[in-house]
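In: next input, structure requested:
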Amino acid sequence: MTLYTQREKFNRLSIKIGIICSKIPLSANQWTIVSLIPAIIAFYFLTKEQFLIGAILFFVSAAIDLVDGSVARVTGTVSKFGAYLDTIIDRYVEGIIIFGLLFASLPEFLIPAYAWIFLFLFGGATTTYAKAAAKEKELIAEGKELKGGMLERAERLIILFVGMLLATINPLYLTYVLALLAVLSNISALQRIAIAKKLALAIREKH
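Out: A predicted model of the protein is given here:
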């Protein structure tokens, strides 16, 4: 199955989701904000170390995050502010989930679990900011985005979701996953910085 075929199937599914959810009296931007609700509830359960419920609510939040874009496309309300709001709320959801893990008594692996959580959060934030800064400093062409690195946001969250599920077997597994995410997210940030440097050198050579 080609990537094109997969993309076509995803687009058709997205349209169906948009048609169904557009019948609910919520705008695309309101759907974006609603995705915060299960994340906040997940925060509570994570502090209580009820990882399965936290993971399920995390998944629900991610699913709602897909709805807003689908509704926007179906209703013809796609906007730059909507895309901006979606990006901001995505960061809040990610931050809320990671913050909740700080209150769980996770086992130590080489260093305390909270240190891995901080390094993961820092690496993810730096990876994201590396893209924003490249656009701000005009290292990339208008309308383009700096991409690359081992982990994009989607991959980070999928791995984190798997780690939360593994924590229902043994919380130490979640610590292992957080350590892996801490390392890979910071490597991703460094990779994006390297890509930005190449772009900067290319711009200098043109001038």
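
In: residue contacts, the nearest residue to Tyr92 once chain neighbours are set aside?
Out: In space, and not counting its chain neighbours, Tyr92 is closest to Leu36: 6.2 Å by C-beta to C-beta, 6 or more residues apart in numbering. Where you see a C-beta, it was placed from the backbone N, CA and C, and this is true even at glycine. Neighbouring residues of Leu36 by C-beta atoms under 8 Å, 6 or more residues apart in numbering: Ser61, Ile89, Tyr92, Val93, Ile96.

In: which of those are buried?
Out: Ser61, Ile89, Val93, Ile96 (16 or more other C-beta atoms under 10 Å).

In: quick check: the residue nearest to Tyr92 vs Thr75, distance?
Out: Between Leu36 and Thr75 the distance is 21 Å, computed by C-beta to C-beta, to the nearest Å.

In: which ones are touching Trp31?
Out: Counting by C-beta under 8 Å, 6+ apart, the residues that Trp31 touches are Cys21, Ile64, Val67, Asp68, Val71.

In: between those residues, which is nearest Ile193?
Out: Asp68 (30.8 Å; C-beta to C-beta).

In: which SS class is the residue lying closest to the closest one once chain neighbours are set aside?
Out: Nearest residue to Asp68 in three dimensions, chain neighbours excluded: Trp31, at 3.9 Å (C-beta to C-beta, 6+ apart). Classification of Trp31 using DSSP: H, G, I helix; E, B strand; the rest coil returns helix.

In: give me the pLDDT value at Trp31.
Out: For Trp31, the model assigns a pLDDT of 76.

In: what's the neighbour count on the spatially closest residue to Val60 that is not a sequence neighbour?
Out: With sequence-adjacent residues excluded and distances taken as C-beta to C-beta, 6+ apart, Val60 is closest to Pro38, at 4.3 Å. Residues within reach of Pro38, counting by other C-beta atoms under 10 Å, total 21.
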